[in-house]
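1. Next come a sequence and a model predicted from it.
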Amino acid sequence: MLPAMETLVIESARVSPGRLEFTFHDPAASRDAHRLFIALGFGEMGSAIVPYGKNQEGSTVFLPFQANQLIVFGNAEAARRVWNDWQWQPYEAPKEVTRTLDKDSTTVSIPWPSETVPGKVSVSLWRKGLDSPDGWGMLTAANDPWLVPGAGDKALAVYDEIELTEEQAVVRRRGRLTSEKRPVVYQLFVRHFSNTNETRKPHGTLAENGTGKFSGIDDKVLAALAEFQVTHVWLTGVLQQATGTDYSEIGAPADDPDLLKGVAGSPYAIKDYFDVCPDFADEPANRLAEFRALMERIRARGMRTVIDFVPNHVARSHDSDVKPELAFGKKDDRGKFFAVENNFFYLQGEPPLRLPTQAGEGRDGLFVGEMDHGKVTGNNVNSWTPGIGDWYETVKLNFGFDFVAGTRLFPSSQSPAAEVPDTWVKMDAVLAYWQELGVDGFRCDMAHMIPPEFWKWAIARARQRDAKVWFAAEAYNNDPAKVPPADARLAEFDNVMQDLLDAGFDAVYDDPNYKTLKGIYESGRWANDLTVPNDFLFHHSLRYVENHDEVRLASKGSWGDVGAKVGPAVGAVLFGASRGSIMLYNGQEFGEKAEGAEGFGGEDGRSSIFDYWSLPSLVAWKKNELSAEQKELREDYVALLKTVSVPPFTDGNFLPLNPLNGENADYGRLNGETASGHWLHGCVRDNGKKAVALFVNLHPTEVMRGVKAVLPGKAEKLEVGDIPAASWVVRVLRE
């Protein structure tokens with residue numbers, strides 16, 4: 001179903017003093033009319049977004065690595081752009097770059113920039129004809145076999161890596177599609193997960209309601225997660241947070257209750273970035289050793305450990321016993337709202353800070369730590385009286401961006417020689433600390449509120465320590481608090497999600513399609529409303545049906561009260577659409593309802609992240625007391641994850657079918673509907689070898705009978721047949 005494209009395959013490479021040569025298969029056809037583009041990455045900071053320009057580079061090309069050189073061959077000599085000073089520089093004519101043409105191959109010779117031979121270089125190759133459309137170009141060949149030729153923006157998923165030693169140069173294919181499993185993330189909220197205490201007293205203490213433990217995530221648990229094809233276990237909330245529980249015996253007394261949401265405290269009000277929560281240890285004094293033992297169990301199962309990285313804000317009571325020299329704010333000038341050397345933003349006016357007070361012992365709305373000054377609240381609230389809906393338990397950190405005036409005092413394309421702010425240095429130390437302890441990846445909280453230049457700098461440094469470290473961004477493009485890039489060309493996209501991917505993130509949250517699917521059940525949206533952005537964003541989106549910030553699908557009053565049974569169908573739409581990462585939230589697989597008012601959050605349809613609690617569905621699972629419906633739901637998720645974890649779902653291109661079938665009355669149209677695509681979603685996944693069609697009936701009760709689908713380039717409709725309510729089917733189109 002996909003148009004054929006020439007594949008440029010690097011066949012050999014060799015190194016000589018000061019030079020690197022590589023030869024790739026390159027049929028002679030159309031060479032003179034097309035430009036050859038070579039993007040090179042030498043393991044430094046660069047850009048994943050290639051410069052774009054009419055009659056120059058054509059439409060945008062998105063790369064799977066950070067490139068810092070772009071070489072272009074036309075009919076004349078080579079031209080080169082270098083990524084330097086935080087942006088792509090103008091073209092130059094490098095005489096030292098040469099190209100030799102043979103009948104069916106091309107050899108390129110470039111200077112080797114390293115002082116010593118050993119090293120690696122990443123290479124992406126593509127050809128474009130720029131005579132159409134209107135000078136924006138038609139891509140005709142690449143070294144990514146999954147790329148679809150044609151016009152428009154293109155995202156490369158696979159590249160060649162040349163590893164050099166003194167004796168040889170070895171060429172390997174790289175990119176997740178060739179060497180890694182599709183990331184399947186299981187969000188495991190440690191406080192809930194293994195807690196079988198069923199007291200569930202609202203606002204209950206640790207002694208009353210209990211808590212999950214590191215030791216409760218045992219090999220039996222991890223074996224169960226493996227059935228979902230899980231590759232990454234996100235241990236949510238493990239960093240030491242401000243809490244109402246007293247651990248004075250290990251030097252961690254309870255916090256002022258005015259600083260807390262809930263008794264347990266928010267896992268996103270980090271008190272010590274270099275420590276873990278003592279709640280989760282059988283022996284609190286031995287908490288780090290117990291955490292390391294858990295990571296070893298996860299690794300033994302072939303999975304990776306992910307933890308939260310929360311750079312935007314910290315607990316008001318923040319300090320560090322583990323690394324006190326890296327605690328924030330100790331050298332700040334509190335007389336200034338914003339100063340680049342400060343870690344915090346400081347309120348101007350008359351103290352004290354007054355926090356929203358809830359009824360309860362010891363609460364007066366005052367915090368002794370901010371009686372003579374005040375700090376800006378974590379969600380950019382510049383007020384002495386933050387509200388109950390604000391992140392009042394946290395304070396915002398300063399990354400050199402004045403969010404009020406828009407001033408940037410950090411390294412960027414506007415000020416490439418600026419010094420790296422102190423907050424950047426300390427945050428890099430946080431990442432390095434956990435990487436050294438064995439953490440494999442980070443889910444980065446509210447990443448869009450941090451300058452993308454910080455992420456580019458920090459992720460590059462993290463990858464120097466571990467090339468496979470995984471970064472996922474919780475980010476929302478519609479949030480007015482987002483920080484745009486300084487580079488004017490990147491800012492033209494007006495999409496912070498692409499900025500974060502350009503900075504090096506592996507995945508970003510897919511909030512838009514989550515909301516569209518939820519809207520089908522709540523507000524009259526259609527499956528036709530699902531969006532398909534450019535491939536770069538589409539195939540790097542982290543898709544979820546639930547997470548800790550969203551209502552439970554089975555909770556009362558949400559999702560049209562259709563219940564947990566539609567979860568696998570919704571997941572089939574999201575997980576079946578792209579090559580991107582997948583996420584499950586603990587309890588989702590059993591239809592957790594989040595019933596009752598646990599504490600601070602009230603009865604909001606979410607499993608509280610602020611209070612000591614246990615989840616009835618997880619307790620039933622631990623006690624082997626699941627209902628037949630819960631067992632069936634879990635098996636449906638297992639079947640779904642097995643299906644989408646193999647080709648062509650893991651490596652295939654995506655062709656939406658709903659746009660082709662709006663006038664097709666056989667495409668799931670129900671009584672009274674005059675168009676198709678309300679409850680039925682369809683797509684083709686094609687990797688050039690195998691092609692399948694996925695159809696999902698999102699309706700909670702109606703069977704879709706006799707479904708037929710128009711396919712791209714086909715005269716006859718595909719006979720799909722009946723699709724039961726809230727279910728999905730796959731039809732093989734080509735083996």
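-> Thanks, I have the structure now. Residues are numbered from 1 along each chain as shown.
2. F22: helix or strand, and which one exactly?
-> strand 19-25 (DSSP states H and E).
3. For W234, what is the enclosing helix or strand?
-> strand 232-236.
4. After that strand, which helix or strand is next?
-> Next element after strand 232-236 (DSSP H and E): strand 239-241.
5. and that following strand, how far out from the chain's middle?
-> 22 Å (Cα atoms, centre = their mean, to the nearest Å).
6. returning to what we had before: which elements pack onto the strand holding W234?
-> Applying 3 or more Cβ pairs under 8 Å, 6 or more residues apart in numbering; DSSP states H and E, we find strand 232-236 packed against strand 184-189, strand 304-309, strand 441-444. From N, CA and C alone the C-beta is placed, and that goes for glycine too.
7. Direction included, what does the last one pair against?
-> Pointing back at strand 441-444 there. Here strand 441-444 has these sheet partners by DSSP bridges: strand 304-309 (parallel), strand 470-473 (parallel).
8. Domain map for this structure?
-> 6-175, 189-238+280-302+532-645, 653-734 (automatic domain parsing).
9. what's the spacing between F228 and P183?
-> 12 Å (Cβ to Cβ, to the nearest Å).
10. Kindly report the same for D511.
-> Using Cβ to Cβ, we find D511 at a distance of 18 Å from P183.
11. repeat for N286
-> 31 Å.
12. Likewise for N380?
-> Going from N380 to P183 by Cβ to Cβ gives 31 Å.
13. Counting neighbours around each, name which of these two comes out higher.
-> Neighbours of N380 and P183, each counted by other Cβ atoms under 10 Å, are more numerous for P183; the result is 23 against 17.
14. Quick check, that one in contact with W234.
-> No: counting by Cβ atoms under 8 Å, P183 stays clear of W234, with 10.6 Å between them.
15. Does K708 belong to a helix, a strand or coil?
-> Here K708 takes the strand state, with states given by DSSP: H, G, I helix; E, B strand; the rest coil.
16. For it, which residues count as its bridge partners?
-> Beta-bridge partners of K708, as defined by DSSP bridges: E719.
17. Which SSE is immediately downstream of the strand ranked longest in the chain?
-> Taking DSSP state E as the criterion, the chain has its longest strand at strand 119-129. Helices and strands here follow DSSP H and E; after strand 119-129, the next one along the chain is strand 138-142.
18. Most tightly packed of the strands paired with strand 441-444?
-> Counting by mean count of other Cβ atoms under 10 Å, strand 470-473 has the highest mean neighbour count of the strands paired with strand 441-444, with a mean of 25.
19. average model confidence for it?
-> Averaging pLDDT along strand 470-473 gives 98.
20. got the residue ranges for the helices in this protein?
-> 176-179, 190-193, 206-209, 219-226, 287-300, 422-437, 452-465, 488-491, 496-503, 511-522, 535-538, 567-576, 616-622, 628-643 (DSSP state H).
21. Measure how the fifth one sits relative to strand 184-189, angle-wise.
-> Spelled out, that is helix 287-300. 150 degrees (axes from the mean of the first three to the mean of the last three Cα atoms, to 10 degrees).
22. go on, the fourth one?
-> Note on geometry: by the same axes, to 10 degrees, helix 219-226 and strand 184-189 are set 140 degrees apart in direction.
23. Tell me the buried residues in helix 219-226?
-> Residues of helix 219-226 classed as buried under the neighbour-count rule (16 or more other Cβ atoms under 10 Å) are V221, L222, L225.
24. same thing with the last one?
-> Residues Q630, L633, R634, D636, Y637, V638, L640, L641, T643 are the ones in helix 628-643 that count as buried (16+ other Cβ under 10 Å).
25. Show me what that helix is packed up against.
-> Looks like helix 628-643 contacts helix 567-576, strand 582-585, helix 616-622 (3+ Cβ pairs under 8 Å, 6+ apart).
26. change it to 6 Å
-> helix 567-576 (3 or more Cβ pairs under 6 Å, 6 or more residues apart in numbering; DSSP states H and E).
27. Rounded mean pLDDT for the helix it packs on, please.
-> 98.
28. so where's this protein shaky on pLDDT?
-> For the chain, the stretches flagged by pLDDT under 70 are 1-4, 29-30, 32, 76, 115-117, 176-179, 359-360.
29. ok, so what distance separates the residue of it positioned farthest from its centre from D26?
-> Largest separation from the mean C-alpha position in the chain: K103, at 43.5 Å (Cα atoms, centre = their mean). Counting by Cβ to Cβ, the separation of K103 from D26 is 9 Å.
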